[in-house]
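Chemist: Got a predicted structure plus its sequence, pasted below:
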Amino acid sequence: MMTTLSTGMPSTLGSYLKLCNIFFGEESVQAKFINEKIASNPNGPDEEVVVEESQMMYLLVNLPPEGTNEMNELLA
């Protein structure tokens, strides 16, 4: 059984992308990070995210700025 986020959406990459687009913007580092994960996954946006929601949000909020070595390594 898939975990549900506090918003009521399923815990999937697609749901996190929707949240990133709303809170950070479609061109944000956070949205680009999730889009890269979707592109590299055979299940795409339907891939389940098994980490706790609070940990995932912490990761997204604390992503390094775009164009830095740290961000390039995360997207590789």
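Modeler: Received it, and whenever you're ready, just let me know what you need.
Chemist: Geometric centre of this structure: which residue is closest?
Modeler: For the chain, the residue nearest the mean C-alpha position is Ile34 (3.7 Å; CA atoms, centre = their mean).
Chemist: What residues does it make contact with?
Modeler: In this structure, Ile34 makes contact with Leu13, Tyr16, Leu17, Cys20, Leu60, judged by CB atoms under 8 Å, 6 or more residues apart in numbering. From N, CA and C alone the C-beta is placed, and that goes for glycine too.
Chemist: pLDDT wise, what is the fourth one at?
Modeler: Okay, so that is Cys20. Among the per-residue scores, Cys20 shows a pLDDT of 97.
Chemist: That one: what's it in contact with?
Modeler: Contacts were defined as CB under 8 Å, 6+ apart; by that measure Cys20 touches Ser28, Gln30, Ala31, Phe33, Ile34, Leu60.
Chemist: hmm, back to that, most neighbours, which of the contacts of Ile34?
Modeler: The most crowded member of those is Tyr16, carrying 26 neighbours; neighbours defined as other CB atoms under 10 Å.
Chemist: so what pLDDT did the closest residue in space to it that isn't next to it in sequence get?
Modeler: Nearest residue to Tyr16 in three dimensions, chain neighbours excluded: Ile34, at 5.3 Å (CB to CB, 6 or more residues apart in numbering). In this model, Ile34 is scored at 97, pLDDT.
Chemist: Same check on Ala76?
Modeler: At Ala76, the pLDDT value in this model is 63.
Chemist: pLDDT weak spots in this protein?
Modeler: 71-72, 74-76 (pLDDT under 70).
Chemist: What segments of it are helices?
Modeler: 13-23, 29-39, 53-61, 69-75 (DSSP state H).
Chemist: between these, which gets nearest to Asp46?
Modeler: Checking the helices of the chain against Asp46 by CB to CB gives helix 13-23 as the closest, at 6.3 Å.
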